[in-house]
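>>> Got a sequence here, can you model it:
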Amino acid sequence: MEIKKINNLKVEINYYEAIYTIGIASDRLGVSVHTLRQYEAEGLILSHKTKTGRRIYSEMELDKVRCIKKMIQEQGLNFEGIRQLMSLIPCWKIRSCCDNDYEECKSYTSRKSPCWSTKEKCKHPYPDCRDCEVYRGLISCDDLKRFIYKL
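Next comes the predicted model:
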């Protein structure tokens, strides 16, 4: 838990808890609602969806969007480049998959998108990819380097 100041009120926030509507998230990030939907459609972030289908975001997703914005604005990457960079994350090592599992895994054999955006999910999936240590571990641009170099 961390304390954040929102509208001059101190609020205790769980970093992973989805609490921001898409409109509030877009205001906090300085991006349009369309941009957030596009990042999701491109497989770069995952929003939480309520039972009624409304998108809501956590502080974690907001930090992910900040990293994506940085890659686009400062480093000149496009969506394809960002997806390919994220696809290099060795999720099979992070999750300690056995050889047979990762050799058949779409994330391992495809270099087009990160593991959380593949249509075919892991052999040992979490109930929601948002809870996976791979998705949760890649938040800032520095995390991407750490994942790739560390393993």
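
>>> just the strands in this protein please.
For the chain, the strands defined by DSSP state E occupy 2-6, 9-13, 20-21, 48-49, 55-57.

>>> Kindly report which one of those strands carries the lowest mean pLDDT.
Note on the strands of the chain: strand 2-6 shows the lowest mean pLDDT, a mean of 55.

>>> any low-confidence regions in this structure?
Residues of the chain meeting the criterion pLDDT under 70: 1-13, 99, 101-102, 106-111, 119-121, 123-127, 148-151.

>>> And the contacts of stretch 34-52?
Residues from elsewhere that reach stretch 34-52 (C-beta atoms under 8 Å, 6 or more residues apart in numbering): 18, 22, 25-26, 29, 55-58, 61, 64-65, 68, 79, 82-83, 86, 113-114, 116-117, 129-130, 135. For the C-beta atoms, the positions are set from N, CA and C on the backbone; glycine is no exception.

>>> Can you flag the buried ones in those residues?
Buried members of these, counted by 16 or more other C-beta atoms under 10 Å: 18, 22, 25-26, 29, 55-58, 61, 64-65, 68, 79, 82-83, 86, 113-114, 116-117, 129-130, 135.

>>> Which ones among these map onto helices?
Among the buried ones among the contacts of stretch 34-52, the members falling in helices (DSSP state H) are 22, 25-26, 29, 61, 64-65, 68, 79, 82-83, 86, 135.

>>> for the residue nearest the centre of the chain, phi and psi?
Centroid-nearest residue in the chain, with C-alpha atoms, centre = their mean: Ile45, separated by 4.0 Å. Per-residue torsions, Ile45: phi -140, psi 160 (degrees, to the nearest 10).

>>> Pull up the gap between it and Arg130, please.
9 Å (C-beta to C-beta, to the nearest Å).

>>> what's the answer for Glu40, then?
Glu40 sits 12 Å away from Arg130, going by C-beta to C-beta.

>>> Give me the neighbour count for the nearest residue to Leu85 once chain neighbours are set aside.
When the adjacent residues along the chain are set aside, Leu85 lies closest to Leu144, with 6.3 Å between them (C-beta to C-beta, 6 or more residues apart in numbering). Here the count is done by other C-beta atoms under 10 Å, and Leu144 has 19 residues near it.

>>> now swap in the one 3 residues further on and tell me
Here the count is done by other C-beta under 10 Å, and Phe147 has 19 residues near it.
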